[in-house]
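> Turn this into a structure:
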Amino acid sequence: MTEKSRTPIAKIVGASLVGTTIEWYDFFLYGSAAALVFPALFFPKSDPLTGTLLAFLTYAVGFAARPVGALIFGHYGDRLGRKKLLVISLVLMGGATFLIGCLPTYAAIGSAAPLLLTALRLVQGFALGGEWGGAVLIVSEHGDARRRGFWASWPQAGAPGGNLLATAVLAVLAAVQSDEAFSSWGWRIPFLLSGVLVLVGLWIRMSIDESPIFQQAVAKAEPVKRLPIVEVFRYHWRDVLTAIGARFAENVSYYVITAFVLTYATGTVKLEKGFVLNAVLIGSAVHFASIPMWGALSDRLGRRPVYLLGAAGVGLWAFAFFPLVDTGNFGAITLAVTVGLVLHGAMYGPQAAFFSELFATRMRYSGVSIGAQLSSIVAGALAPIIAVALLQAYGSAFPVTLYVAGGAVLTLATVFFAKETRGRDLVTLDVPETATTGVKP
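Now for the predicted structure:
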């Protein structure tokens, strides 16, 4: 039996949700700006589509930094605890985002502008690489196994929550400002707003207790003799591969639906950016509500069945997504985005509990972080870039559809052959005899 936390589970969930929402707000804000304003402001020497591609390359740099953040934050999170590292990640992310809002553009300082933008994007990615694992673990390790899928899904809801907040701020600015004003100075407002949000997040996160399961593991176990990441690849390499494959379709579909759609709808379909932002706004709101529902369903049916439903769903929906966007009809575009995000939620909702239940406590932060963030490089980072390149090469969105569907097949195969984890005792996973398989005897 684990030591009881003094902090109620609802407060733990609230602290994780607020923090992840702020961090994802910062991260997604960059993605939206990369689609809408960064090409002209930081890459003005390129033609519009090439400028967008360059902007998305700086967007991808943030993903490249995420495994580095996962490695370092996972190492210290497994040695020092989850809470301290969550505070550090929030400060780093918020500071980098605030500074992006202060950056001079290419017109003011030339090529130094995109270089500084890229450096700050690296800091964002580094921070987010450490944030995700700590946020889901501190909830998973406080809650009981019976409702772990539901409680651990709430930090996951911080992703659409952050996207919702970022899109809402951009949509309001697009509605009250002219395109000239928004491109000149209005785009800076949501980045500067991050400074205020971080202060709120820090105040909440500082008030919660450390994970009781981690405290118990530290008290009863020998100190970790090797680097936690070495232990992960020694005992849990199959689980790392499971996490990478499981995240592939989830990452690709999400960034095509929320980031690439802005470029496609405004550039190819010739729609106003506020029009598309409002559709993403509605879809993100429904997505936010659906994730805990899918997490709760995974507590009843298991992680695998719900995850498989989501992967199959996004693969099939990809064939309807772009034809709906091509109509230029607001209702059709909103339907395309919303259904896609709800199906994505069937993967994202159970994911936190699923991955947490794969690894032993003293290497859990490293394991879930590395598995998740390695996938983010090959899937999330490249998704908008590959989608733009396919559109540029073929002049059609159908190759992008095949790209999403192919990712879904990979995830379906991975999860189909994975073992069910629902109901696993996280403390039992720490027994040395079972560490090599991660399976409870």
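> Contact partners for residue 371?
239, 240, 241, 242, 243, 244, 247, 355, 358 (C-beta atoms under 8 Å, 6 or more residues apart in numbering). Placement of C-beta: from N, CA and C, glycine included.
> Kindly report the same for residue 155.
13, 16, 17, 20, 135, 136, 139, 352.
> what's the answer for residue 229, then?
Residue 229 sits next to 71, 74, 75, 363, 366, 370 when contact means C-beta under 8 Å, 6+ apart.
> again with residue 284
By C-beta under 8 Å, 6+ apart, the contact set of residue 284 is 160, 163, 164, 167, 258, 341.
> farthest-separated two in those?
167 and 341 (11.9 Å; C-beta to C-beta).
> immediately after the helix or strand where residue 367 lies, which helix or strand?
Per DSSP states H and E: residue 367 is located in helix 364-375. Per DSSP H and E, the first helix or strand lying C-terminal to helix 364-375 is helix 382-394.
> So which bits of that next one are buried?
382, 383, 384, 385, 386, 387, 388, 389, 390, 391 (16 or more other C-beta atoms under 10 Å).
> can you check stretch 12-31 too?
Applying 16+ other C-beta under 10 Å to stretch 12-31 flags 12-13, 15-31 as buried.
> out of the buried residues of helix 382-394, which one sits closest to residue 101?
Nearest member of these to residue 101, counting by C-beta to C-beta, is residue 384, at 21.8 Å.
> There's contact between the closest one and residue 31 in this structure, I believe.
Yes: counting by C-beta atoms under 8 Å, residue 31 is a contact partner of residue 384 at 7.5 Å.
> Touching, residue 207 and residue 15? I think so.
Yes: with contact defined as C-beta under 8 Å, residue 207 counts as touching residue 15 (7.1 Å).
> quick one, strands of the stretch 51-200 of the chain?
For the stretch 51-200 of the chain, no strands turn up when DSSP state E, counting those that start in this stretch is the criterion.
> Below-threshold pLDDT in it: ranges please.
Within the stretch 51-200 of the chain, the stretches with pLDDT under 70 are 51-53, 56, 59.
> can you pull out the helices in it?
Per DSSP state H, counting those that start in this stretch, the stretch 51-200 of the chain carries helices over the ranges 82-100, 106-109, 112-140, 148-176, 179-181, 188-205.
> Find the residue at the geometric middle of the chain.
residue 159 (5.7 Å; C-alpha atoms, centre = their mean).
> How about the contacts made by the nearest residue to residue 311 once chain neighbours are set aside?
Among residues not flanking residue 311 along the chain, residue 411 sits closest, at 4.3 Å (C-beta to C-beta, 6 or more residues apart in numbering). Counting by C-beta under 8 Å, 6+ apart, residue 411 makes contact with 245, 246, 247, 248, 249, 250, 307, 311, 347.
> was I right about residue 152 contacting residue 136?
Yes: counting by C-beta under 8 Å, residue 152 does reach residue 136; the two are 5.6 Å apart.
> circling back: distance to residue 293 for the contacts of residue 229 - can I get that in CSV?
Below are the contacts of residue 229 laid out as CSV (distance: C-beta to C-beta, whole Å):
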residue, distance to residue 293
71, 33
74, 29
75, 35
363, 31
366, 30
370, 29
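> Between those, which sits nearest residue 294?
For the contacts of residue 229, the nearest to residue 294 is residue 370 (24.3 Å; C-beta to C-beta).
> Tally up the residues packed near the residue lying closest to that closest one once chain neighbours are set aside, please.
Leaving aside its sequence neighbours, residue 370 sits nearest to residue 70 (C-beta to C-beta, 6+ apart; 5.1 Å). Burial of residue 70 is recorded as 30 neighbouring residues (other C-beta atoms under 10 Å).
> quick one: residue 192 and residue 99 touch, right?
No: in this structure, residue 192 is not within contact of residue 99 by C-beta under 8 Å, at 9.6 Å.
> Can you give the distance of stretch 413-423 from its chain's centre?
Relative to its chain's centre, stretch 413-423 lies at 21 Å (C-alpha atoms, centre = their mean, to the nearest Å).
> Please report the distance of residue 74 from residue 421.
19 Å (C-beta to C-beta, to the nearest Å).
> Neighbour count: the two, which is higher?
residue 74 (30 against 26).
> can you pull the contacts of the closest residue in space to the more buried one that isn't next to it in sequence?
Once flanking residues are discounted, residue 74 sits nearest to residue 366: 3.3 Å by C-beta to C-beta, 6+ apart. The contact partners of residue 366, by C-beta under 8 Å, 6+ apart, come to 70, 71, 74, 75, 77, 78, 133, 228, 229, 231, 232, 359.
> Could you tell me how far residue 366 is located from residue 148?
For residue 366, the distance to residue 148 - C-beta to C-beta - is 20 Å.
> picking that back up, for residue 133, see how far away the residue nearest to residue 370 is.
Counting by C-beta to C-beta, the gap from residue 70 to residue 133 is 7 Å.
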